[in-house]
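*Asks:* Quick one, what's the 3D model for this:
(one chain, ligands or ions: 1)
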Amino acid sequence: MKILISADMEGATGVTWPADCLPGTPQWERHRVMFTSDVNAAIAGFFDGGADEVLVNEAHMTMRNLLLEQLDDRATMLTGRHKALSMVEGVQHGDADGIAFVGYHTGAGDEGVLAHTYLGNSITGVFVDGVRASEGLLNALVVAEYGTPVVLVTGDDRACADARGYAPDARTVAVKDYVSRYAA
Ligand SMILES: [Zn+2]
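*Replies:* Numbers count the residues shown, from 1 in each chain. This next block holds a predicted model:
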């Protein structure tokens, strides 16, 4: 069983402020450790659950955030950008049995810690068939084209609630509870 992990950072443990996930800041240096830890928890869970291959696709901003030297060495990492399918690069090979959205967040215009859809200060709302779309929803539609189910979504409690709309069969894990856009 092969699992693909799409790892975004706004929904990671402890992240509540733009600088927490802005490459180059002291806050980012601190939070990328917790981000890596979230991804490692998912990797460990998948291997415990019977996976024999896990590919981690970096999906946040520069796509160079995870600490490779601290990553569970059973996993393989796809780092950097640009990539044809961006946050879900790798799914087009058609060999993944499931995909996990780790560190995800709600979409532009929704409640949620650091809610946005791709460009935080430019896009105020994305709609698919009249439904306000998060990156999770958009990427779930992309991976559905390849027949790959979303099996896990982590983020704040609002991101988990959002996931129940686009991936009702996925396991969700809230790593923080929303209080406001910049508090959890
Ligand atoms: Zn991100």
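*Asks:* CA only for contacts and neighbour counts going forward, please
*Replies:* Noted.
*Asks:* In this protein, which residue sits closest to the ion?
*Replies:* residue 60 (3.9 Å; Cα to the ion).
*Asks:* Provide the secondary structure category for that residue.
*Replies:* Per DSSP: H, G, I helix; E, B strand; the rest coil, the secondary structure class of residue 60 is coil.
*Asks:* got the contact list for it?
*Replies:* 7-9, 87 (Cα atoms under 8 Å, 6 or more residues apart in numbering).
*Asks:* Find me the pLDDT at the closest residue to residue 132 other than its chain neighbours, would you?
*Replies:* Leaving aside its chain neighbours, residue 132 sits nearest to residue 126 (5.8 Å; criterion: Cα to Cα, 6 or more residues apart in numbering). Residue 126 carries a pLDDT value of 96.
*Asks:* repeat for residue 120
*Replies:* 87.
*Asks:* wait, doesn't it sit right on residue 108?
*Replies:* Yes: the pair residue 120 / residue 108 is scored as a contact, 7.4 Å apart, by Cα atoms under 8 Å.
*Asks:* My read is that residue 97 contacts residue 148, right?
*Replies:* Yes: if you go by Cα under 8 Å, residue 97 and residue 148 touch, sitting 6.1 Å apart.
*Asks:* Which one of these two is surrounded by more residues?
*Replies:* residue 148 (21 against 16; other Cα atoms under 10 Å).
*Asks:* give me every residue that touches that one.
*Replies:* By Cα under 8 Å, 6+ apart, residue 148 lies in contact with 91, 94, 96-99.
*Asks:* Would you list the buried entries among the residues you listed?
*Replies:* 91, 96-99 (16 or more other Cα atoms under 10 Å).
*Asks:* quick one: residue 106 from residue 18, how far?
*Replies:* Per Cα to Cα, to the nearest Å, residue 106 is found 15 Å from residue 18.
*Asks:* Which of those two has more residues huddled nearby?
*Replies:* residue 106 (30 against 15).
*Asks:* picking up where we left off before, which ones among the contacts of residue 148 come in contact with the ion?
*Replies:* On the criterion Cα under 5 Å from the ion, none of the entries of the contacts of residue 148 sits beside the ion.
*Asks:* Thank you kindly, that will do.
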